[in-house]
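Student: any chance you could fold what I've pasted below:
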Amino acid sequence: MRIVAGQHRGRVLQSPASDAVRPTSDRARESLFNILEHGKLATGGLSPVRGARVLDCFCGTGALGLEALSRGAAAAIFLDLDPAALSLARANAKTLCETSRAEFITADARRPPRATSPRTLVFLDPPYGEGLAGPALLALADAGWFGPGAIAVVETAHHEDVPVPEGFAAVDERRYGKAKLTFLKRT
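Tutor: Just a heads-up that it's a prediction; the model follows:
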């Protein structure tokens with residue numbers, strides 16, 4: 001597993017020792033960021049990643065948030081309930097010398113702490129098949145994690161549907177192998 005583009009391009013990230021954490025594949029991550037930077041969500045040709053305040057929820061290895069930092073995001077918060085996963089994300093941030101732009105929170109995304117400031121870009125990569133995306137989106141919205149016009153990218157198994165909560169609009173959806181990426185925008 002490696003950083004695909006940006007200032008840390010090609011840098012290798014630590015992978016989990018067990019199957020408890022399922023990182024987003026390099027191919028899916030590259031496609032996800034290409035869609036953000038060059039697709040419907042790039043407003044006026046400007047990437048929503050540059051200068052973004054990111055939340056990497058169900059962060060696992062931290063690959064999504066670290067990829068965003070590599071591509072010009074201003075800061076990232078990594079949230080996971082599993083202390084071992086959060087430790088791995090912290091180690092990967094340290095390897096990339098990104099700890100000054102990173103914050104780590106141990107919490108359940110369905111019961112998150114109140115946001116200290118809203119995020120502009122939110123990644124959710126919950127365990128497949130457990131129906132966590134919808135409840136997490138609602139809980140994060142209620143806790144103030146989404147700024148106006150914020151983008152949420154939800155990764156699920158290719159056969160899972162993401163319920164679009166009130167206050168969000170579905171913008172795009174793509175399938176990559178076993179994964180499906182759903183792009184939502186806060187309305």
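Student: regarding the protein, what is its longest strand?
Tutor: strand 146-157 (DSSP state E).
Student: give me the contact list for that one.
Tutor: The contact list for strand 146-157 (CB atoms under 8 Å, 6 or more residues apart in numbering) reads 24, 28, 32, 36, 41, 48, 53, 64, 118-126, 128-129, 133, 137, 140, 162, 168, 171, 178-186. Heads up, the C-betas are built off the backbone N, CA and C, glycines and all.
Student: with stretch 102-112 instead?
Tutor: With CB under 8 Å, 6+ apart, stretch 102-112 has contacts from 57-58, 62, 65, 69, 75-81, 83, 86, 89-90, 93, 113, 124, 126, 132, 135-136, 139-140, 143, 145.
Student: need the distance between the two termini of that stretch.
Tutor: With CA to CA, to the nearest Å as the measure, the ends of stretch 102-112 fall 17 Å from one another.
Student: apart from its neighbours in sequence, what residue is nearest the residue nearest the centre of the chain?
Tutor: Of all residues in the chain, the one closest to the mean position by CA atoms, centre = their mean is residue 123, 2.2 Å from it. Leaving out its chain neighbours, the residue that sits closest to residue 123 by CB to CB, 6 or more residues apart in numbering is residue 64, at 4.2 Å.
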